[in-house]
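Participant: the following block contains a protein sequence and its predicted model.
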Amino acid sequence: MNQLKEIDRDEFKPLYAQIAEQLIAYIKGNGLNSGDPLPSQNELIKHYGVSTITVRIAMQRLETDGIIKRIRGKGTFVAEKKIIENVAGIRSLEDRLAEIGFEITNQYVESYMASPADRIRRDLKLRKTSKTFKIRRLKLLKSAVLALETRHFPSKIASRFEQNELETEPFVRLFARYPDVAICRIKYTTRASLVSEMEAEMMNIEKEIPVLIQYGVFYNQQDLPVMAGRVTYLADKIELGYEISDVGGQKFKVLV
């Protein structure tokens, strides 16, 4: 197995940056895969003869970049490769990821008529007494949980589809059957958070794991809202890419 190389103390590059680069070279040189163990923080401190803070910064940098994953009480490991999902165009998550070789399936959790939160009611332009059809589904990748999807839409829309379709089919694809509810615009907001206790239980994961919450409002051709809700992604599984174009045609990508 290839060993960790030494750092150059006369190099202009900061020591933490050199250590981060050496760890990347160590992973590649030894052909390590997701889940393979890496030297501990204490081992790196001893090997390089540097301070705890120097090694900690190097490891934080690699963890932020999705290269390593640290698990308290267990150690440091090569991280799983993230799915880079570009949020662009009116297509379902399932169809977009299928294009890059990832097959996503939906697993039904629950559905019922709900009294929606104020934000949902406001975004769907509903009266205070109105109820919505609320449905939750797990997004699975090779039987492993990728995300939890929670959507609200009016019951008159839900009544157009069979229950098994609502449980398994992408909603963008389902709504496209009817011109009056076909989705023509989506407004997204994304934020980082820790998974809630309820969602952790549904996703069968530990509490307070980092997640990305993508909230969306879906509009028809008349620019009327037809669906709203969120997808809670496991933060170590996916990286969301947004492509924006200005009137001059220039494009840039922001990875969240």
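Facilitator: It's in.
Participant: okay, helices next: where are they in the stretch 151-256 of the chain?
Facilitator: With DSSP state H, counting those that start in this stretch, the ranges of helices along the stretch 151-256 of the chain come out as 155-158, 163-168, 171-175, 197-203.
Participant: okay, those, which one's buried deepest?
Facilitator: Counting by mean count of other C-beta atoms under 10 Å, helix 171-175 has the highest mean neighbour count of the helices of the stretch 151-256 of the chain, with a mean of 21. Quick note: C-beta positions are derived from backbone N, CA and C, even for glycine.
Participant: so which elements touch that one?
Facilitator: If contacts are counted by 3 or more C-beta pairs under 8 Å, 6 or more residues apart in numbering; DSSP states H and E, helix 171-175 sits against helix 93-99, strand 210-219, strand 225-234.
Participant: list the contacts of residue 69.
Facilitator: Contacts for residue 69 (C-beta atoms under 8 Å, 6 or more residues apart in numbering) come out as 63, 76-80, 236.
Participant: one more: residue 116?
Facilitator: Residue 116 touches 124, 126, 130-132, 134, 152, counting by C-beta under 8 Å, 6+ apart.
Participant: at 7 Å what do you get?
Facilitator: With contact taken as C-beta atoms under 7 Å, 6 or more residues apart in numbering, residue 116 is in contact with 132, 152.
Participant: which element, helix or strand, includes it?
Facilitator: Assessed by DSSP states H and E, residue 116 sits outside every helix and strand.
Participant: give me the distance between the residue of the chain positioned farthest from its centre and residue 3.
Facilitator: Most distant residue from the mean C-alpha position of the chain: residue 10, 40.6 Å away (C-alpha atoms, centre = their mean). Per C-beta to C-beta, to the nearest Å, residue 10 is found 21 Å from residue 3.
Participant: what do you get for residue 179?
Facilitator: Residue 179 is 64 Å from residue 3, where distance means C-beta to C-beta.
Participant: just for the stretch 151-256 of the chain, where's the confidence low?
Facilitator: Across the stretch 151-256 of the chain, the ranges flagged by pLDDT under 70 are 240-256.
Participant: CA atoms of the helix or strand encompassing residue 43 as CSV?
Facilitator: Assigned by DSSP H and E, residue 43 falls within helix 41-48. Below are the C-alpha coordinates for helix 41-48, written out as CSV (Å, rounded to 0.1, in the frame of the first residue of the first chain):
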residue,chain,number,x,y,z
GLN,A,41,-6.6,12.6,13.0
ASN,A,42,-4.1,11.5,15.7
GLU,A,43,-2.1,9.4,13.2
LEU,A,44,-1.8,12.3,10.9
ILE,A,45,-0.7,14.6,13.7
LYS,A,46,2.0,12.1,14.6
HIS,A,47,3.1,11.4,11.0
TYR,A,48,3.4,15.1,9.9
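Participant: contacts for that helix next, please.
Facilitator: Helix 41-48 is contacted from outside by 4, 7, 19, 52, 55-56, 59, using C-beta under 7 Å, 6+ apart.
Participant: that helix: which residues count as buried?
Facilitator: If you call a residue buried by 16 or more other C-beta atoms under 10 Å, then helix 41-48 has these buried ones: 41, 44-45, 47-48.
Participant: list only buried entries from the contacts of helix 41-48.
Facilitator: Applying 16+ other C-beta under 10 Å to those flags 4, 7, 19, 55, 59 as buried.
Participant: can you redo those as CSV with pLDDT, secondary structure and distance to residue 98?
Facilitator: Output for the buried ones among the contacts of helix 41-48, formatted as CSV (pLDDT from 0 to 100; DSSP: H, G, I helix; E, B strand; the rest coil; distance: C-beta to C-beta, whole Å):
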residue, pLDDT, secondary structure, distance to residue 98
4, 79, coil, 40
7, 78, coil, 44
19, 89, helix, 39
55, 89, helix, 41
59, 87, helix, 35
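Participant: would a markdown table of those with distance to residue 170 be doable?
Facilitator: A markdown table is the format used below for these (distance: C-beta to C-beta, whole Å):
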| residue | distance to residue 170 |
| --- | --- |
| 4 | 46 |
| 7 | 49 |
| 19 | 44 |
| 55 | 45 |
| 59 | 38 |
